[in-house]
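**Q** From the sequence below, what's the structure:
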Amino acid sequence: MTETGLQTAKKSLGQHFLRDHSAIQRIAQAIPAGARAIEIGPGPGAITEALLERVGSLAVIEMDDRFATHWHDVAEQNNKLSVIHGDVMQELDSAVDSVQPEWIAGNLPYNLSGPLTAMLASYNLSGGMVLMYQREVAERIAAGPGSKTYGGLSVLVRHFYDVKRLLTLPPGAFSPPPKVHSAVILLTPHSNTPPCAYPLLQQTVRQGFAHRRKTIANNFRGSITAEQFESLGIDPRKRPEQLAYEQWAGIAMQLHKAA
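**A** Modelled structure (predicted):
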C-alpha cells in the first residue's frame with residue numbers, strides 16, 4: 001500500500017482524517033501515560049502514532065482493509081500495538097473483554113455515532129474516553145436537561161461518566177474537510193454507583209424519547225401511573241428532555257418493579 005493510498009478517505013465509511021497537530025496532541029495527552037487503551041478507527045494513524053508514544057498498550061479496531069493491513073505490519077515491529085480487523089459494532093464487546101482497557105479513544109465514524117455511543121456508554125472504564133464527533137452530535141451528548149438538544153444519548157453517557165467538551169475543530173482540520181464542524185468529548189468516571197442496570201436504562205430511555213413532544217406520562221401510559229411518577233418526584237406533565245439522569249434511572253427502577 002502506497003502512502004498516497006493510505007491518505008485516501010472512503011466516503012462509504014464516513015472517513016475524515018484529522019490533520020491538526022495541536023488537536024492530535026490534546027487528544028493523546030488526555031490519556032495518562034502508560035494506560036491500556038483501545039482506539040476506534042485509526043485510519044492512517046495521526047492519533048494512533050501520538051497514542052503509541054504515550055500509552056502502555058494500544059489495540060486498534062479497523063474495518064478498512066488498507067489500514068488494517070498497514071497496522072498489522074506496524075504491530076510486527078511494535079509490541080505495544082495489537083490490531084482487530086473488523087466492524088467496530090461487531091468487535092467492540094469482545095475487544096473490551098480481552099483488552100480490559102482503561103481508556104477508549106477515537107474519531108468515530110459519522111454514520112455510526114449514535115448506536116456506537118450507546119454501546120460505549122455501557123462500559124464502566126476506570127479511566128474514560130476521548131471521542132470525536134460531528135459538533136451537532138457532541139452538543140447532544142453534552143447537553144443538560146431542558147435543552148432542545150438533550151436526548152437519549154445525553155442520559156446514557158451519564159450512567160457512568162461526567163461529560164466535558166474538550167475542543168471544537170473546523171472542517172479544515174480534516175482531510176477531506178467535512179461539511180460541518182467537529183468536537184471532542186471527554187468522558188471521565190463520576191464514581192457514583194448507578195441505581196439501575198445499563199440495559200434497563202437504555203430500554204427506558206428509548207421508550208421515553210420515542211415521542212419527544214408527548215408528556216412523560218403519555219410515553220409510559222399503561223406502565224407507570226401519575227401517582228407513581230409523583231412518588232418519584234417527577235411531574236408527569238413534563239416532557240422527556242426536562243428529566244435529569246437521576247429521574248430517568250428512577251423511572252427505569254419503577255418499570256423494573258412492575259416487570
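**Q** got the end-to-end distance for stretch 139-151?
**A** 10 Å (Cα to Cα, to the nearest Å).
**Q** mean confidence for that stretch?
**A** Stretch 139-151 shows a mean pLDDT of 95 in the predicted model.
**Q** Show the residue spans covered by the helices in the stretch 101-250 of the chain.
**A** Applying DSSP state H, counting those that start in this stretch to the stretch 101-250 of the chain gives helices spanning 113-120, 135-142, 152-156, 198-208, 216-219, 226-231, 245-258.
**Q** most tightly surrounded among those helices?
**A** Of all the helices of the stretch 101-250 of the chain, helix 152-156 carries the top mean neighbour count, a mean of 25, counting by mean count of other Cβ atoms under 10 Å. In this view, the C-beta of every residue, glycine as well, is placed from N, C-alpha and C.
**Q** ok, residues contacting it?
**A** 114, 117-118, 121, 137, 140-144, 147, 198, 201-202, 205-206, 208-209, 245, 248 (Cβ atoms under 8 Å, 6 or more residues apart in numbering).
**Q** Which of the helices of the stretch 101-250 of the chain sits closest to Ile38?
**A** Across the helices of the stretch 101-250 of the chain, Ile38 has its closest neighbour in helix 113-120 (10.1 Å, Cβ to Cβ).
**Q** and the angle from the closest one to helix 135-142?
**A** 30 degrees (axes from the mean of the first three to the mean of the last three Cα atoms, to 10 degrees).
**Q** Send me helix 113-120 as CSV with only the CA atoms.
**A** In CSV, the C-alpha atoms belonging to helix 113-120 read as follows (Å, rounded to 0.1, in the frame of the first residue of the first chain):
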residue,chain,number,x,y,z
SER,A,113,-22.1,7.8,16.1
GLY,A,114,-25.5,7.2,17.7
PRO,A,115,-25.5,3.4,18.1
LEU,A,116,-21.8,3.3,18.8
THR,A,117,-22.0,5.9,21.6
ALA,A,118,-24.9,3.9,23.2
MET,A,119,-22.6,0.9,23.2
LEU,A,120,-19.6,2.8,24.5
